[in-house]
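*Asks:* I'll drop the sequence and a predicted model, then ask my questions.
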Amino acid sequence: MASEHVRSQVQQRMRELIQAIAEHSRRYYELDEPVISDAEYDVLVGELQALERDYPALAEADSPTSKVGGQPSTALGAVVFERPVLSLINAHSRVEAEEFWRRVELESSGPLTVVAELKIDGLSIVANYRRGILWRAATRGNGLVGENVTANVLMIDAVPTRLSRPVDVEVRGEVYLSRSRFEQLNRDRIEQNLAPFANPRNAAAGSLRQLDPEVTKSRQPSAFFYEIRAGMEEIREHHAALEQMAGWGLPVENHWKLCRSVDALAEYVEKWHERRDSLDFDTDGLVFKVDQMALQQRLGATQKAPRWAVAYKFLPQEALTVVRAIRLTVGRTGALTPTAELDPVRLAGTQVQRASLHNADIVQELDVRVGDSVYVRKAGEIIPEVVRVEVRLRPSDTEPFRYPDRCPVCGGTVLRLEGEKAYRCVAGMGCPAQRREALLHFGSRAAMDIEGLGERTVDLLLDQQLVGTVADLYRLDREQLQSLPRFGELSAQNLLRAIEGSKTRPLSRLVHGLGIRLVGEKVATVLAAHFKQLDALMRASREELEAIEEIGPGIAQAVTVFFGQSSSVAVIDDLRELGLNFTETPRQEVGSVFSGEVVVLTGTLARLTRTEAEAVVVKQGGRVASSVSSQTTLLVAGERAGSKLTKARQLGIRIIDEEEFLQRAGGTSKGQAVPGETGAETAMKGERGS
């Protein structure tokens with residue numbers, strides 16, 4: 001029997017794992033923003049399962065090992081499933097896959113047949129057809145309740161709105177984004193100064209959860225179906241169900257195979273280990289399902305997963321290659337980011353020649369050197385990174401990598417401040433690399449919002465020496481722009497109109513656009529609301545800045561350093577002469593319903609993102625604070641509001657919910673469904689192909 005000390009340690013580790021798994025599940029299923037790979041997630045789950053198996057008395061009631069998926073969003077409406085939509089047990093080696101075969105073979109009264117399929121890396125959906133017409137579609141959610149995404153699924157060309165037969169049936173499938181479409185979307189987003197999607201799975205999930213179905217349509221996701229959940233009880237084999245769905249016109253991934261022996265199963269594993277990169281969609285593994293429906297019924301299911309199926313998960317792909325150089329790129333704030341240039345190597349379907357080394361600490365920790373043989377993999381299946389050095393293959397003449405004293409672009413001084421991970425070029429706008437990034441940032445949507453000022457345009461302007469600082473944008477004329485490659489009269493006119501329009505942006509946008517270190521969109525809003533005038537902000541001392549509730553010593557120092565530089569002052573003087581707005585002008589045109597209010601948002605909002613809600617407050621004259629204090633005048637409380645709500649009650653601060661917030665703001669979010677009308681009813685009014 002375990003000692004009390006051991007039991008205490010086991011219980012503590014269980015709780016740590018439960019918290020970690022819950023957070024990673026939330027990021028994966030609800031936010032579509034995973035920060036670890038599937039393999040790393042499975043390691044955490046496996047460790048928790050092992051502890052629960054060895055110490056069953058210590059297992060927690062809320063353990064994620066007994067749950068499916070994540071919590072469904074309330075923004076799209078809920079769908080309650082008649083029977084749970086289960087996940088799958090994972091196998092991580094061929095041995096485990098063969099163990100599955102032998103386990104189910106013991107229960108079989110005759111020859112065993114298993115259907116092997118590719119596991120599509122997307123978002124699981126359940127679709128219902130009535131008399132052959134799609135009337136509802138939902139995400140898996142937590143397995144019991146999903147999100148109603150009917151209006152969005154109707155926008156997916158691959159999903160038929162009408163089957164070839166008028167059947168009542170419920171089917172399950174996966175919405176995904178092809179690799180080629182994913183790459184095109186990211187090229188477009190980069191051109192528009194938007195952050196690229198992390199990977200196809202996240203992009204597909206985000207596309208399906210849009211409140212505006214037109215966004216789903218524009219991203220062009222696709223789908224495969226792989227299970228009949230209800231409505232065709234006469235079908236006796238799983239492979240017949242796949243054939244039947246294809247016959248109705250549903251898209252079915254056609255690389256499935258009937259395996260009549262464990263050797264055939266092993267061959268399928270071997271084949272797709274080698275060939276999965278040839279596909280135009282991501283697959284993170286294989287799925288093996290007992291073919292005979294009667295045997296499926298006999299094997300049954302746990303609370304979380306069927307016993308008649310298993311998911312064989314591919315491990316993250318790694319490849320060995322050689323570092324030929326370590327290059328440094330200079331960002332907007334002067335940070336020098338290291339990148340390894342590699343001998344070309346095939347990795348997860350693409351040829352990789354560069355891999356991220358992230359920062360100086362990572363370079364030092366890995367001790368990566370030019371000439372080293374290194375293993376690279378794709379973080380999140382998309383971004384190549386160096387994961388370790390094969391020291392046994394290191395040439396004898398290699399030397400540790402050292403950051404230079406001078407900027408590789410402009411020759412300016414490079415420093416590493418105490419407590420920071422990055423080495424920085426301190427030349428500021430005198431550095432061409434920082435100048436390029438500064439121009440892109442200045443024109444970005446969150447700053448001065450100059451439509452058309454993307455990477456290609458900025459590079460052209462710099463190459464032709466038409467701009468040196470952000471102020472030079474306002475000196476451009478039509479003749480100069482029309483002389484640029486790919487610029488015609490209309491594109492020149494549109495860009496000039498966008499630049500001119502940006503002159504009226506409020507002070508908060510300008511402060512953000514100036515690119516002061518540590519001053520993002522929110523801090524810029526706080527500073528603009530406090531000082532009202534750019535001149536007042538420029539004169540502020542560190543002590544005055546630190547006296548503002550949400551401004552700490554680091555931000556105060558960064559602001560005073562920026563405005564203390566002669567190059568910054570020169571640009572600001574230029575902008576003043578060119579007629580830009582230097583005041584945080586109150587916006588009266590929308591009623592300024594939050595004028596004078598200091599608003600704190602807490603909990604989860606159903607119909608707006610946090611950024612959208614903050615923008616509503618600022619646009620209508622209010623200021624957003626991150627913490628509740630005596631200065632707070634209003635708290636907007638969403639679901640699962642916590643300590644901020646408690647403190648607001650103690651201080652007697654007025655509290656409203658999201659519905660009252662939206663009513664006060666004078667509207668609802670785009671794409672919100674009409675109360676009492678399902679997505680299917682809305683969409684069927686204009687059914688595609690009718």
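*Replies:* All right, it came through fine. Residues are numbered from 1 along each chain as shown.

*Asks:* going forward, measure contacts and count neighbours with C-alpha atoms only.
*Replies:* Will do.

*Asks:* How about stretch 336-344, which residues are buried there?
*Replies:* For stretch 336-344, the neighbour count (16 or more other C-alpha atoms under 10 Å) marks 336-343 as buried.

*Asks:* quick one: whatever helix or strand Leu490 lives in to chain centroid distance?
*Replies:* If you go by DSSP states H and E, Leu490 is part of helix 489-501. Chain-centre distance of helix 489-501: 32 Å, with C-alpha atoms, centre = their mean, to the nearest Å.

*Asks:* Give the next helix or strand downstream of that helix.
*Replies:* As assigned by DSSP H and E, the chain's next helix or strand after helix 489-501 is helix 507-513.

*Asks:* what residues does that next one touch?
*Replies:* Residues from elsewhere that reach helix 507-513 (C-alpha atoms under 8 Å, 6 or more residues apart in numbering): 441-444, 446-448, 519-521, 524-529, 532-534, 581-585.

*Asks:* Pull the distance from it to the chain's centre.
*Replies:* With C-alpha atoms, centre = their mean, you get 26 Å for helix 507-513.

*Asks:* So what touches whichever helix or strand comes after that helix?
*Replies:* For helix 507-513, the succeeding helix or strand toward the C-terminus, using DSSP H and E, is helix 521-531. With C-alpha under 8 Å, 6+ apart as the contact definition, helix 521-531 has outside contacts at 446-447, 507-509, 511-512, 534, 537, 550-551, 583-584, 618, 623-625.

*Asks:* Now do the buried residues in the helix holding Leu490.
*Replies:* Residues of helix 489-501 classed as buried under the neighbour-count rule (16+ other C-alpha under 10 Å) are 492-493, 495-496, 498-499.

*Asks:* Show the average pLDDT along it.
*Replies:* For helix 489-501, mean pLDDT rounds to 89.

*Asks:* which strands and helices sit next to it?
*Replies:* The contact analysis (3 or more C-alpha pairs under 8 Å, 6 or more residues apart in numbering; DSSP states H and E) places helix 489-501 against helix 478-482.

*Asks:* Okay, buried residues for the helix it packs on please.
*Replies:* Those would be 478, 481-482, for helix 478-482 by 16+ other C-alpha under 10 Å.

*Asks:* Which strands or helices does that helix pack on?
*Replies:* If you count contacts as 3+ C-alpha pairs under 8 Å, 6+ apart, helix 478-482 packs onto helix 489-501.

*Asks:* mind redoing it with 10 Å?
*Replies:* The contact analysis (3 or more C-alpha pairs under 10 Å, 6 or more residues apart in numbering; DSSP states H and E) places helix 478-482 against helix 455-463, helix 489-501.

*Asks:* What is the longest helix along the chain packed up against?
*Replies:* Ranked by residue count, the top helix of the chain under DSSP state H comes out as helix 4-25. Under the contact definition 3+ C-alpha pairs under 10 Å, 6+ apart, helix 4-25 sits against helix 38-54.

*Asks:* Could you list every helix and strand in contact with the helix it packs on?
*Replies:* Judged by 3+ C-alpha pairs under 10 Å, 6+ apart, the packing partners of helix 38-54 are helix 4-25, strand 90-91, strand 309-313.

*Asks:* Listing partners with orientation, what would you give for the second one?
*Replies:* When you say that, I think you mean strand 90-91. Using DSSP bridges, strand 90-91 pairs in its sheet with strand 309-313 (parallel).

*Asks:* ok, what's across the strand from the closest residue to Asp405 other than its chain neighbours?
*Replies:* Residue nearest to Asp405 in three dimensions, not counting chain neighbours: Val414, with 5.1 Å by C-alpha to C-alpha, 6 or more residues apart in numbering. For Val414, the beta-bridge partners are Cys425 (DSSP bridges).

*Asks:* Val414 is in contact with Arg406, isn't it?
*Replies:* Yes: applying C-alpha atoms under 10 Å as the test, Val414 and Arg406 come out as touching, 5.2 Å apart.

*Asks:* Look at Ala205 and give its secondary structure.
*Replies:* The three-state label for Ala205, taken from DSSP: H, G, I helix; E, B strand; the rest coil, comes out as helix.

*Asks:* List phi and psi for the closest residue to Ala205 other than its chain neighbours.
*Replies:* Closest residue in space to Ala205, ignoring its immediate chain neighbours: Leu123 at 5.5 Å, by C-alpha to C-alpha, 6+ apart. The phi and psi torsions at Leu123 (degrees, to the nearest 10) take the values phi -120, psi 130.

*Asks:* Could you measure from Leu123 over to Glu318?
*Replies:* Computed as C-alpha to C-alpha, to the nearest Å, the Leu123 to Glu318 distance reads 25 Å.

*Asks:* In terms of neighbours, single out the busier of the two.
*Replies:* The residue with more neighbours, out of Leu123 and Glu318, is Leu123; 24 against 18, by other C-alpha atoms under 10 Å.
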